[in-house]
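Enquirer: Sequence plus the predicted model coming up.
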Amino acid sequence: MKAKAGSRAGDSRLAVKKSKAEKDPNKPKRPPSAFFVFMDTFRKEYKEKHPDVKQVSVVGKAGGEKWKSLSDAEKAPYAAKAEKLKAEYTKKIDAYNNPQAGEASGDSDKSKSEVNDDDSEVRPSTPTRRRWFL
């Protein structure tokens, strides 16, 4: 009987399709790691030496092998640049997450709820139902 109960739960999970949350286009992108900073320069060099190679996988494999063969001293400039990009990202994401810190001046006397009330959209009568009719 346990097997049937488990199969029913599995079926219900297949029937429900979850939608992804929308991504905010204003959110800063995460910084590249030292390897990806290296790959930016490596791709350019590789394409200059091998202009006939068009496959991304070949370039990626060659870059991975080259990265593995580099010593820590040779990887240091890429790691330093990655750390610099990470510090910039940290500043941007802090500003993104705390928008009040950046807003020192209040241009409007209205609160945010009053500003949102001015919308000319037709809102549904019940807040639980979210159907929009044209």
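Expert: Yes, it's here.
Enquirer: which SS state does Lys23 fall under?
Expert: Counting by DSSP: H, G, I helix; E, B strand; the rest coil, the backbone at Lys23 sits in coil.
Enquirer: And for Pro32, the neighbour number?
Expert: 17 (other C-beta atoms under 10 Å). The C-beta positions use only the backbone N, C-alpha and C, and glycine is treated the same way.
Enquirer: residue contacts, it?
Expert: Pro32 is in contact with 40, 82, 85, counting by C-beta atoms under 8 Å, 6 or more residues apart in numbering.
Enquirer: go on, Phe38?
Expert: 63, 67, 70, 75, 78.
Enquirer: Number of residues surrounding the closest residue to the fourth one other than its chain neighbours?
Expert: The reference is to Lys75. Spatial nearest neighbour of Lys75, chain neighbours left out: Ala34 (6.3 Å); criterion: C-beta to C-beta, 6 or more residues apart in numbering. Using other C-beta under 10 Å, Ala34 has 19 other residues around it.
Enquirer: next one: the one 5 residues further on
Expert: Using other C-beta under 10 Å, Met39 has 20 neighbouring residues.
Enquirer: Same question for Ala62.
Expert: Around Ala62 there are 16 residues (other C-beta under 10 Å).
Enquirer: Just confirm it contacts Lys49, I think it does.
Expert: No. Counting by C-beta atoms under 8 Å, Ala62 does not reach Lys49; the two are 10.0 Å apart.
Enquirer: one step back: out of the contacts of Pro32, which end up buried?
Expert: Buried members of the contacts of Pro32, counted by 16 or more other C-beta atoms under 10 Å: 82, 85.
Enquirer: Tell me how far Asp94 lies from Gly60.
Expert: Remark: distance between Asp94 and Gly60 (C-beta to C-beta, to the nearest Å) = 33 Å.
Enquirer: typed the wrong thing, it's Ala79
Expert: As defined by C-beta to C-beta, Ala79 lies at a distance of 20 Å from Gly60.
Enquirer: again, but for Ala73
Expert: 24 Å.
Enquirer: between these two, who's got more neighbours?
Expert: Gly60 (14 against 7).
Enquirer: For the more buried one, which residues are in contact?
Expert: Met39.
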